[in-house]
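Asks: okay, sequence plus prediction incoming.
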Number of protein chains: 2
Amino acid sequence: MSFKNFYITHKEKIDNELSIFLDRKIKDSKKISKKCGELLEVFKEFTLRKSKRIRILLVILGYQGYGGDKEKDIIKTALFVEFIHNYLLIHDDIIDHSDLRRGKTTVHKYFENTVKEKLSGKELKHFGVSMGILVGDIGCALGYETLLESKFSVELKLKAIKELNNLILKVIGGEALDVFAQISQNVSEEDIFKIYKNKTAYYSFQQPLRIGGILAGAGGKELKKIDGYAVPLGIAFQIQDDILGLFGDEKILGKPIDSDLKENKKTLILFKTLENCSDKDKKIIYSILGKENISLAEIDKIRDIVKKCGVLDFCQDLIKDYISKSKKAINNIDNFDKNVKFLLSDLADYLQKRKY
Amino acid sequence: MSFKNFYITHKEKIDNELSIFLDRKIKDSKKISKKCGELLEVFKEFTLRKSKRIRILLVILGYQGYGGDKEKDIIKTALFVEFIHNYLLIHDDIIDHSDLRRGKTTVHKYFENTVKEKLSGKELKHFGVSMGILVGDIGCALGYETLLESKFSVELKLKAIKELNNLILKVIGGEALDVFAQISQNVSEEDIFKIYKNKTAYYSFQQPLRIGGILAGAGGKELKKIDGYAVPLGIAFQIQDDILGLFGDEKILGKPIDSDLKENKKTLILFKTLENCSDKDKKIIYSILGKENISLAEIDKIRDIVKKCGVLDFCQDLIKDYISKSKKAINNIDNFDKNVKFLLSDLADYLQKRKY
């Protein structure tokens, strides 16, 4: 089976389980207060938006790769990673001033819109931020809740929660670096790769696979073997993300094309461009970065410079290298299900070709 | 032993264990990134500020009351509740625009101060908010981590984490109600009591005692008995908090005296005052509420009105009623350690007399 088919056959089950779980929690939370129920409903709508569900699928594949065979249980349990992801995403969207996520308004923006008639200016923004913080926090509790309720043994669940905590600490470490990088002039290539590893590779690839493996009973030594696959794939994914963030189609992407530039994100593609372009082009880029409104013409100017100095090609070659490293690693791993090896290898190709 | 002596004999041990745990986590997190370590150091400084440690002591007392006898283990484990409290507090301080907490700057404000030379205005504020969100999130992971690392059986730990999730969902439900109440004109007395129950009584009193009980092996039926003590005490504590928030001494309190008024908090004391005072006085109060800068003379005006219409006395009587209800309940509970009963009863008196 190709990864795409694996995704298609699991997508409906996953969305269905997400709905069932969240509906039950909405019902429970309404007993606490109507408002609490409303917050959870917003979280549900956000969760059920179109998504690649990569992290959930990786938990399932990590589990099956290490020999786990309780498919129903692992699907229900794997939902936790989506809740945790949304928790961090909702907070991240506040931090990054993002208005759009998965093609619709971000959570803090949604809440701003609900009180536009009562509040304005700073107060309106602050209300959105407040509710975004709280809805994110709810997602966090739901993530732990899902693991706690799952049918695996208490020992395995505890190990999984421990790994989840590692995941959260790593991604927050990466996020903090990222926030500091935005206000810093001296960001090195090493810093950028550190952010990519913590914010993407560990968090979105390595840890979901590891947690799946843990639930299948794999030990530390066995789990380590997956890193050679997960880390390069995660870095490739992030470089690809940066390319899409600059060259992608806003409608397919579901988020604005100028956000990295507006936020002055230190992406590898921009770093390498500034390192390699002419002084004149450098001035043009700096005159656009960090502006509140960036026109399509300005974005095109930057795109041209990136291409002209060969950095688009450079980044695409780098992605290919990482992907091939990743595929080699998964094929060399022992005691790992063959079908899952094939799916993970195919996933690497799939991610390279993605448009969103 | 009086509660105060219990507090004094445990205070040093608790602070010591907090330090040891956090230093270990700081060391670990520096391996992720230097910045992550710095965030944890800020969290440590915040955690070790002067605090009543009520929630930690309640976990210990819940445990001992239900027959638990591993004092060393329960102290180490009970720290989780302080980390979770700080997580929610750091987020709450962002939501409430608070600059001061426990006599020093709040976390988001602290981070603002670190970049004052680089940023200004909206961007400066946003940087503080971003870092506050992240440091709070770290506190959350540390809270779960403490429970996971504790020496109790995996079954008990999982039950405790489950109860912790209930706690978080309840307090966020209360917090959401509180945020909506601040922008609403139609807040009822019932709403206020719902906020008090969720934000204070369940969260700060009932759940810490319950989690202590769970770790001692108490079952659902036994745990329920503590509610009759915890809930009225929590409500009394919150009403007392509101009185101190208006009539207290800023220096002893460690937070500004005008914050509830500035934030237009719907406190019982203010609600009752608006219900009972003259139309003229009502106008005076409304002219002050929600202002960005409130003078001491204006606060004094409100204080006079509250006293004049008998609401200060009313609130103090209400506190007395709740405290006596609470003390009666703890004395009537069966199968609960006698010494702990005495300590909890004395705690009720102690909280009534507190100045901060």
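Replies: Yep, that arrived.
Asks: count the neighbours of residue A:42 for me.
Replies: Counted with other Cβ atoms under 10 Å in any protein chain shown, the neighbours of residue A:42 add up to 18. (Glycine included, C-beta is placed from N, CA and C.)
Asks: same deal with residue A:84?
Replies: There are 25 residues near residue A:84, going by other Cβ under 10 Å.
Asks: before we move on, what about residue A:355?
Replies: Residue A:355 is flanked by 8 other residues according to other Cβ under 10 Å.
Asks: could you measure from it over to residue A:254?
Replies: Applying Cβ to Cβ, to the nearest Å, the value for residue A:355 to residue A:254 is 11 Å.
Asks: pLDDT wise, what is the residue in the stretch 251-356 of chain A that chain B sits nearest to at?
Replies: With Cβ to the nearest Cβ, the shortest gap between the stretch 251-356 of chain A and chain B falls at residue A:290, namely 9.7 Å. pLDDT for residue A:290: 80.
Asks: looking at this, it is in a helix?
Replies: No - remark: residue A:290 does not belong to a helix; assigned using DSSP: H, G, I helix; E, B strand; the rest coil, it is coil.
Asks: and the closest residue to chain B within the stretch 51-200 of chain A, what does it touch?
Replies: In the stretch 51-200 of chain A, the residue that lies nearest chain B is residue A:173 (3.2 Å; Cβ to the nearest Cβ). Applying Cβ atoms under 8 Å, 6 or more residues apart in numbering or on different chains, we find residue A:173 in contact with A:198, B:29, B:32, B:33, B:35, B:36, B:39.
Asks: redo those residues as TSV? Include secondary structure.
Replies: Below are the contacts of residue A:173 laid out as TSV (three-state DSSP):
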residue	secondary structure
A:198	helix
B:29	helix
B:32	helix
B:33	coil
B:35	helix
B:36	helix
B:39	helix
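Asks: any idea which of these is closest to residue A:135?
Replies: Using Cβ to Cβ, residue B:39 comes nearest to residue A:135 of these, at 22.3 Å.
Asks: I figured the closest one hits residue B:137, correct?
Replies: No - with contact defined as Cβ atoms under 8 Å, residue B:39 does not count as touching residue B:137 (9.5 Å).
Asks: just to check, residue A:232 is in contact with residue A:329?
Replies: Yes - the criterion here is Cβ under 8 Å, and residue A:232 meets it with residue A:329 at 7.3 Å.
Asks: so residue A:315 makes contact with residue A:273?
Replies: No - with contact defined as Cβ under 8 Å, residue A:315 does not reach residue A:273; the gap is 9.5 Å.
Asks: okay, now the residue of the stretch 1-150 of chain A found nearest chain B: neighbour count?
Replies: The nearest approach of the stretch 1-150 of chain A to chain B comes at residue A:36, 3.2 Å away (Cβ to the nearest Cβ). Using other Cβ under 10 Å, residue A:36 has 27 other residues around it.
Asks: now do the same contact list for it.
Replies: A:29, A:30, A:138, B:169, B:172, B:173, B:176, B:177.
Asks: now render those residues as CSV, adding distance to residue B:250.
Replies: Below are these laid out as CSV (distance: Cβ to Cβ, whole Å):
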residue, distance to residue B:250
A:29, 37
A:30, 39
A:138, 33
B:169, 33
B:172, 29
B:173, 30
B:176, 28
B:177, 27
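Asks: need the residues touching each of residue B:39 and residue B:137.
Replies: Joint contacts of residue B:39 and residue B:137 (Cβ under 8 Å, 6+ apart) are residue A:172.
Asks: among the contacts of residue A:36, which lie within helices?
Replies: If you go by DSSP state H, the contacts of residue A:36 have A:29, A:30, A:138, B:169, B:172, B:173, B:176, B:177 in helices.
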